[in-house]
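Asker: Everything below, folded, please.
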Amino acid sequence: MPLWLNVIRTTRRQVFSARLHRQRPSTWSEVALGRSSGIRTNTTAAPEVTKVEQILLDHIKTTGAIPFATYMQLCLSHPTHGYYMNPSNPVFGTRGDFITSPEISQVFGELVAIWLLSRWASAGSPPEIRLVELGPGRGTLMDDILRVISRFTPSKSSISVHLVETSLTMRSLQEKKLESHREAKINVHWHNSISEIPLTESKYTMLIAHEFFDALPIHLLQKNEDGWHEVLIASNPDFDPSKSTPASKHRLRAVLSPSTSGTAAILSLSSSRFHSLPVGATMEVSPSAFKIARQVGELLTGRQDGRPVREEGNSSPGGCGLIIDYGADNVFGDSFRAFKEHKIVDIFHQPGECDVTANVDFAYLREAMADLVTTLGPIPQYDFLERMGLKLRVDALVRGAKTDERRTTIQDAAKRLVDRIGMGKEYKVFGITTGPTGKAEEAEQVWPFVEVKDEPTRE
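Answerer: Numbering: from 1, shown residues only. So this is what the prediction gives:
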């Protein structure tokens, strides 16, 4: 395990750009956040302070400016008032702040299940299957996956489900959604963290993380001449709802630390890719994402710190996984954003009542698990779904639909999933595979993560 992970304690869409107003070295530099596509703030009355916002203000008053990681964690995961923890927040669906791919069409989960089954068959169809999902939402994706896997695996197969979920509200929704599977003798277990799932079970592990990593806390850093400085969040002394200036509209603001810090230095060393970034560059780094990605690799291989956790002679049958999220194969510096009622809002708008997110650096995840597993992609969601047979499955559903309205709904949902200027492009699919005893597979042989050459044009 990298040393920096043991040192750092890491306490969804407005894209902002950081522009620094340099002041005296001994003072905080305010970071101006571009909010041209954010909420309208031309009202004379500011929103009432939220529970989480007050907690943040009190925290800052006591300890000083806080990292973006602390802000993000409190906004999303405060035990009683966090966005995902408070049952009064309509998180998913048309009434919520965003709609996920599994909620749009059952075909999404079905094709994910087919990929998982293909890797299971490639591994020799081990008799015991363990399904793991990180951040299961309302349980829709797992429901669709279980429906397919239960149908296509032999009756002698033993299937267990492990859901990593900290919200009691979300757990109750998941339990209700998966009730029919539990009645079919499929055991469902809930965990607060991936570390609670044992590495020693001799089962083939299938893991899914859909829109999970983008919600993990990030640190925001800027490279100056003297090294990396952390961008922090402080109270705004210029807050005045009666004024219309940008600097007066929010109770919180972003500031640049006047000096380097141990946290910034260690995070900047966590990937060799960060060294080449020029002075003035900003980057978002999530040690939580790195740590959990590492644990994913360990869970699929039954190996910890590169060593088998089993007794000699007993080997893990291996596993596979898919991470599906916003992001790309590179570092980001300006992707942190907020959502409210399907719209991008200011990142400081009603903390705890908006979804906040940052793009996933898939290369960072790969670095975390590279010595344990084979990683695949990422590829756009439209590529994954179309190559896995989206059209065939949609055509079958359309033929079985009883009304024109239902047929149109099925087709429209499928189009949305693979929209080249929407979620079909924005979402990326990142595959993970391993064989028995952690033996890696050849990446170019794993469909649909293969390079497909264009067919020659026919005259």
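
Asker: show me where pLDDT drops low in the protein?
Answerer: Scanning the chain with the threshold set as pLDDT under 70 gives 1-46, 90-99, 155-156, 200-201, 305-316, 435-444, 453-459.

Asker: now do 80
Answerer: By pLDDT under 80, the low-scoring segments of the chain are 1-47, 87-100, 154-157, 200-201, 241-248, 304-316, 342, 435-444, 452-459.

Asker: for the longest helix belonging to it, which positions count as buried?
Answerer: Looking across the chain with DSSP state H, the single longest helix is helix 106-122. Buried positions in helix 106-122, judged by neighbour count with 16 or more other Cβ atoms under 10 Å: 106-117, 119-120. Where you see a C-beta, it was placed from the backbone N, CA and C, and this is true even at glycine.

Asker: Tell me the helix or strand right after it.
Answerer: strand 128-134 (DSSP states H and E).

Asker: Who does that next one pair with, and is each partner parallel or antiparallel?
Answerer: Strand 128-134 sits in its sheet next to strand 158-164 (parallel), strand 204-210 (parallel), going by DSSP bridges.

Asker: relative to strand 128-134, how tilted is whatever helix or strand comes next after that strand?
Answerer: Scanning forward in sequence from strand 128-134 by DSSP H and E, the next helix or strand is helix 140-152. Inter-element angle recorded for helix 140-152 and strand 128-134: 170 degrees (by axes from the mean of the first three to the mean of the last three Cα atoms, to 10 degrees).

Asker: Find out how far helix 140-152 is from the centre of the chain, if you would.
Answerer: With Cα atoms, centre = their mean, to the nearest Å as the basis, helix 140-152 stands 21 Å off its chain's centre.

Asker: Can you give me the buried ones in that helix?
Answerer: Buried-residue list, helix 140-152, by 16+ other Cβ under 10 Å: 140-150.

Asker: cool, stretch 172-188 as well?
Answerer: 173-174, 177-178, 181, 186, 188.

Asker: what's the answer for stretch 238-258, then?
Answerer: Across stretch 238-258, burial judged by 16+ other Cβ under 10 Å covers 249-257.

Asker: if we can go back for a sec, columns mean neighbour count and distance to Arg130 on top of the strands paired with strand 128-134, output as CSV?
Answerer: Formatted as CSV, the strands paired with strand 128-134 follow (neighbours: other Cβ atoms under 10 Å; distance: least, Cβ to Cβ, whole Å):
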stretch, mean neighbour count, distance to Arg130
strand 158-164, 20, 5
strand 204-210, 25, 5
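
Asker: Dump those strands into JSON lines; add distance to Pro87 as well.
Answerer: Below are those laid out as JSON lines (distance: least, Cβ to Cβ, whole Å):
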{"stretch": "strand 158-164", "distance to Pro87": "18"}
{"stretch": "strand 204-210", "distance to Pro87": "22"}
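
Asker: Go through those and name the closest to Arg387.
Answerer: Of all the strands paired with strand 128-134, strand 204-210 sits nearest to Arg387, with 18.1 Å by Cβ to Cβ.

Asker: Contact partners for Pro198?
Answerer: Counting by Cβ atoms under 8 Å, 6 or more residues apart in numbering, Pro198 touches no other residue.

Asker: Would you mind giving the secondary structure of it?
Answerer: Here Pro198 is coil, with the state taken from DSSP: H, G, I helix; E, B strand; the rest coil.

Asker: What separation is there between it and Ile379?
Answerer: To Ile379, Pro198 is 32 Å away according to Cβ to Cβ, to the nearest Å.

Asker: returning to what we had before: and the buried residues of stretch 238-258, which two are the farthest apart?
Answerer: Within the buried residues of stretch 238-258, Lys249 and Ser257 form the most distant pair, 23.4 Å apart (Cβ to Cβ).

Asker: Is it correct that Ala113 is in contact with Met142?
Answerer: No - using Cβ atoms under 8 Å, Ala113 makes no contact with Met142, being 9.8 Å away.

Asker: Figure out which of the strands paired with strand 128-134 is closest to Ala363.
Answerer: Smallest distance to Ala363 across these (Cβ to Cβ): 16.4 Å, for strand 204-210.

Asker: For the very next helix or strand once past that closest one, what is the distance to the chain centroid?
Answerer: Using DSSP H and E, the helix or strand that follows strand 204-210 in sequence is strand 219-224. Computed by Cα atoms, centre = their mean, the chain-centroid distance of strand 219-224 equals 21 Å.
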